[in-house]
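after the sequence you'll find the predicted model.
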Amino acid sequence: MPQLTVLVASTRPGRVGRRIGDWFVARAIAHGGFDRVSLVDLAELALPWYDEPLPAVEGGYLHPHTKRWSAIVTESDAFAFVMPEYNRGFSAPLKNAIDYLYREWHDKPVGLVSYGMMSGGLRAAEMIKPVLVAVKMLPIPEPVAIFLRQSLDADGNLIATSGLAAGADELLDELRRVTEAMASERVPT
């Protein structure tokens, strides 16, 4: 069975993204469609701004942090990006993490778990899709959108409604289906 990596894309202190990421990981484990579910938090990964001397398309990474990141992405069969919306766009650390690599992303499906105050992160989810296609990923069309004003309690914890759970399960079903369909197409990096 395939491996799913849940990527928390916000690095801001006080962020809610890690709590949403932990919820989604638990949901993915309960779903049972992936052999292994892991969480990568960009705040903990601490990639510096892209600093490789060669373009990612050429590979040949120099820095240990890039080699470590490359290994994580290479070992993953599918992704779920837990991503905030900032100023109607996606976060700079997420773009940076994507730009570090190229071939490692190819033919891997990605589901989006977006969040934001008014839009549930839907504008950011739409904005990132051309970037994902450029690195030859396969974005699942329908994101799980979390509207923070309605989805957080007074302490800032996620209120995991049955609607959110159903949306997450639908996304996981589709991620699993596309992951299986693309398994034979992926070329080892």
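Thanks, I have the structure now.

residues of the helix or strand bottoming out on mean pLDDT in the chain that come out buried?
In the chain, the helix or strand scored least confidently by mean pLDDT, DSSP states H and E is helix 148-151, which has a mean of 84. Buried residues in helix 148-151, defined by neighbour count with 16 or more other C-beta atoms under 10 Å: 148, 151. The way it works is simple: take the backbone N, C-alpha and C, and place the C-beta from them, glycine included.

so that it lines up with my notes, have the first residue be 216 from now on.
Yes, from this point I'll number from 216; that puts the last item at helix 363-366.

which helices and strands does that helix pack with?
Counting contacts by 3 or more C-beta pairs under 8 Å, 6 or more residues apart in numbering; DSSP states H and E, helix 363-366 is packed against strand 324-331.

Provide the secondary structure category for the most centrally placed residue in the chain.
Nearest residue to the geometric centre of the chain (C-alpha atoms, centre = their mean): F296, 1.7 Å. Recorded secondary structure, F296: strand (DSSP: H, G, I helix; E, B strand; the rest coil).

then T394?
The local conformation at T394, judged by three-state DSSP, is helix.

tally up the residues packed near it, please.
T394 is flanked by 24 other residues according to other C-beta atoms under 10 Å.

and it, what's its pLDDT?
Looking at T394, its pLDDT is 96.

that one touches A293, doesn't it?
Yes: here T394 reaches A293: they are 4.4 Å apart, a contact under C-beta atoms under 8 Å.

any shared contact partners between those two?
217, 219, 249, 323-324 (C-beta atoms under 8 Å, 6 or more residues apart in numbering).

tell me which two in those are the farthest apart.
Across those, the longest distance by C-beta to C-beta is 12.8 Å; it joins F249 and K323.

for those two, indicate the residue with more neighbours.
Neighbours were counted for F249 and for K323 using other C-beta under 10 Å; K323 has more, 24 against 21.

residues in contact with that one?
Residues in contact with K323 (C-beta under 8 Å, 6+ apart) are 291-294, 352-353, 394, 397, 401.

give the ChimeraX command for selecting the buried subset of the residues you listed.
Burial among those is assessed by 16+ other C-beta under 10 Å; the matching ChimeraX selection reads:
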select :291,292,293,294,352,353,394,397
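
how about M342, secondary structure?
Secondary structure, three-state DSSP: M342 is helix.

mind checking how far it is from A312?
16 Å (C-beta to C-beta, to the nearest Å).

neighbour count: the two, which is higher?
More crowded of M342 and A312, by other C-beta under 10 Å: A312, with 21 against 14.

what angle sits between whichever strand or helix holds that one and strand 324-331?
Counting by DSSP states H and E, the element that carries A312 is helix 307-314. With axes from the mean of the first three to the mean of the last three C-alpha atoms, to 10 degrees applied, the angle from helix 307-314 to strand 324-331 works out at 170 degrees.
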